[in-house]
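**Q** here is a sequence together with a model predicted from it:
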Amino acid sequence: MWIETTLAMRFLRQGRAQSLLILVGIAVGVAVIVFVTALISGLQQNIIERTLGTQSHVRVEAPREVNRVAPVPEGVLQLVLEDPRPQALRPIDNWLAVRDVLERVPGVTAVSPVVSGPAFGRRGTAVQSVALVGVDLPRYLRVIPLDRNMVEGRLEIGSGNAVVGRKLAEDLGLRLGGKLRLDSGSGREAVVNVAGIFELGVRELDSRYVYVDLKQAQSLLALPGGVTVIDLTVEDLFGADRIAARVRGLTGLQAESWMETNAQLMNALASQNMSTRMISFFVAMSVALGIASVLAVSVTQRTREIGILRAMGTRRAQMRRVFLVQGAVLGLAGSAIGALAGLGLVAAFNTFGPRLFIIPLPPGLIPAAMALATVAGAGAAWVPASRAARLDPVEAIRG
């Protein structure tokens, strides 16, 4: 390969202008692939983090109540007019044993029991419908980082303390140290002290959620010793569906992953991934066509030189490799320049761009982009290389 590489580099030096132009084209293409891929990856990561900052990866609840129609003897026609059963607030049976089972499921990193139900929040004449959420705080923080979303006061529940959403505090005129009366609607009431105010960034949650400790929520919702939900965190975010299916099989409970809950979000992420792949494909095609056109012109310009080399004993396979090496060198050198340019664009966005999110650089992106450009360069060189290898030495020298 030493002879082929030497000839390839000499041909590239002789056509400096053409080589420089194609290097610039490859560099721009690779820079676009690196920056756009990193940008979309960062955007997706930011969206997922914001979504999962307010919900668990897998939510486990008691199975829904359904009607059971009594069977009839064979040959009897049965006409059924069925109304769906109302879904009353139900605890998970034997939830302590279920919790222990879930903690041993491979891939599950955190398990948090929750008591959740509707209530009314009252202050003076103001009344708001609220979602009462009773949690075991140390466990819950491993699932939902509520402590990162506190905007006032402290995250303290229990002993008559509660934390409320910022919008709810504004609607009821609450401030730190204020009193909030909670009414579950069944004659059970409690007055809690507002120890802190949080803001999750979701209006529906910030205007309704009231966090109290597990025992107080159980008392208010008439669920002594019971929980209504078990939240799970898993190692592999995109494997949450698989974990949810396994939980359903192990416990017989209803388990729903964040991917099922946010089906529209998953469709949007899939569309973004498809857009990224299409951009990379068409940029790679443009790079390949550029290299092919430059090498095709090079073959035409060097017909006499190719003929002389063939007459001196250069084999067709060697001549083919000369142009394949040219394509690979152009792809590799251009991709290296483009990778540096892409890194510069990412750094500039993170430094001077809008402070909405930081673009992370996927670890395999640069090698993958360079490999794609190099392979595209070598592949694009095949047609002109084959043409050069087929030239007849006598006709080439005469031409």
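**A** Ah, there it is.
**Q** contacts, neighbours, all on C-alpha from now
**A** Fine.
**Q** average pLDDT for whichever helix or strand residue 344 is part of?
**A** Here residue 344 sits within helix 316-352, counting by DSSP states H and E. When pLDDT is averaged over helix 316-352, the result is 79.
**Q** and the helix of greatest length in the chain, what's buried?
**A** Ranked by residue count, the top helix of the chain under DSSP state H comes out as helix 263-301. For helix 263-301, burial by neighbour count (16 or more other C-alpha atoms under 10 Å) applies to 265, 269, 272-273, 276, 279-280, 283-296, 298-299.
**Q** give me the helices and strands touching it, please.
**A** Judged by 3 or more C-alpha pairs under 8 Å, 6 or more residues apart in numbering; DSSP states H and E, helix 263-301 is in contact with helix 16-52, helix 316-352, helix 365-380, helix 382-390.
**Q** can I get those in JSON lines with mean neighbour count?
**A** Output for these, formatted as JSON lines (neighbours: other C-alpha atoms under 10 Å):
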{"stretch": "helix 16-52", "mean neighbour count": "20"}
{"stretch": "helix 316-352", "mean neighbour count": "21"}
{"stretch": "helix 365-380", "mean neighbour count": "21"}
{"stretch": "helix 382-390", "mean neighbour count": "20"}
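**Q** nearest approach to residue 186 belongs to which of the ones you listed?
**A** Of all the helices and strands packed on helix 263-301, the one in closest proximity to residue 186, counting by C-alpha to C-alpha, is helix 16-52 (32.9 Å).
**Q** how about the CA coordinates for whichever helix or strand comes after the closest one, as PDB?
**A** Going down the chain from helix 16-52, the next helix or strand is strand 58-61, by DSSP H and E. C-alpha atoms of strand 58-61 as PDB (Å, rounded to 0.1, in the frame of the first residue of the first chain):
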ATOM      1  CA  VAL A  58     -43.200   3.500  36.800                       C
ATOM      2  CA  ARG A  59     -46.500   4.100  38.700                       C
ATOM      3  CA  VAL A  60     -48.000   1.000  40.400                       C
ATOM      4  CA  GLU A  61     -51.700   1.100  41.500                       C
END
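**Q** and the contacts of strand 58-61?
**A** Residues outside strand 58-61 that contact it (C-alpha atoms under 8 Å, 6 or more residues apart in numbering) are 92, 228-234, 240, 243-244, 253-258.
**Q** rerun that using 7 Å as the cut-off
**A** 92, 228-233, 240, 244, 253-258 (C-alpha atoms under 7 Å, 6 or more residues apart in numbering).
**Q** out of everything not next to it in sequence, what's closest to residue 283?
**A** Excluding the flanking residues, the one nearest residue 283 by C-alpha to C-alpha, 6 or more residues apart in numbering is residue 29, at 5.7 Å.
**Q** residue 110 too?
**A** residue 233 (5.0 Å).
**Q** element containing that neighbour?
**A** Using DSSP H and E, residue 233 falls in strand 229-234.
**Q** centre of the chain to stretch 375-382, how far?
**A** 33 Å (C-alpha atoms, centre = their mean, to the nearest Å).
**Q** low-scoring stretches of the stretch 51-200 of the chain, by residue?
**A** Low-confidence segments of the stretch 51-200 of the chain (pLDDT under 70): 65-67, 83, 85-88.
**Q** change it to 50
**A** Nowhere does the stretch 51-200 of the chain drop to pLDDT under 50.
**Q** returning to that earlier point: most neighbours, which of the contacts of strand 58-61?
**A** Within those, residue 232 tops the neighbour count with 29 neighbours, counted by other C-alpha atoms under 10 Å.
**Q** show me what that one is bridged to.
**A** residue 58, residue 111 (DSSP bridges).
**Q** so what pLDDT did residue 366 get?
**A** 82.
**Q** so it sits right up against residue 340, yeah?
**A** No: counting by C-alpha atoms under 7 Å, residue 366 stays clear of residue 340, with 9.1 Å between them.
**Q** hang on, the earlier thing: and the helix holding residue 344, what does it pack onto?
**A** helix 2-14, helix 16-52, helix 365-380, helix 382-390 (3 or more C-alpha pairs under 7 Å, 6 or more residues apart in numbering; DSSP states H and E).
**Q** between the longest one and helix 263-301, how big is the angle?
**A** An angle of 170 degrees separates the directions of helix 16-52 and helix 263-301 when computed by axes from the mean of the first three to the mean of the last three C-alpha atoms, to 10 degrees.
**Q** off-centre distance for helix 16-52?
**A** The answer for helix 16-52 is 18 Å, by C-alpha atoms, centre = their mean.
**Q** re the thing from before, how close does the residue nearest to residue 283 sit to residue 279?
**A** To residue 279, residue 29 is 10 Å away according to C-alpha to C-alpha, to the nearest Å.
**Q** go ahead and confirm residue 23 touches residue 334.
**A** Yes: Residue 23 is within contact range of residue 334, at 4.7 Å (criterion: C-alpha under 7 Å).
**Q** for residue 270, which residues are in contact?
**A** Residue 270 neighbours (C-alpha under 7 Å, 6+ apart): none.
**Q** can you pull the pLDDT of residue 393?
**A** Reading off the model, residue 393 has pLDDT 56.
**Q** could you do residue 9 as well?
**A** pLDDT, read off for residue 9, is 67.
**Q** next one: residue 398
**A** Reading off the model, residue 398 has pLDDT 54.
**Q** try residue 388
**A** 62.
**Q** between the helices and strands packed on helix 263-301, which gets nearest to residue 128?
**A** Judging these by C-alpha to C-alpha, what sits closest to residue 128 is helix 16-52, at 25.2 Å.
**Q** report the angle between the closest one and strand 229-234.
**A** Helix 16-52 and strand 229-234 are oriented at 160 degrees to each other (the same axes, to 10 degrees).
**Q** please name every helix or strand in contact with helix 16-52.
**A** helix 263-301, helix 316-352, helix 365-380.
**Q** quick revisit: tell me which of the contacts of strand 58-61 is nearest to residue 40?
**A** Distance to residue 40 across the contacts of strand 58-61 (C-alpha to C-alpha) is lowest for residue 258, with 20.5 Å.
**Q** my read: residue 346 touches residue 35, true?
**A** Yes: Residue 346 lies in contact with residue 35 (C-alpha under 7 Å); the separation is 6.2 Å.
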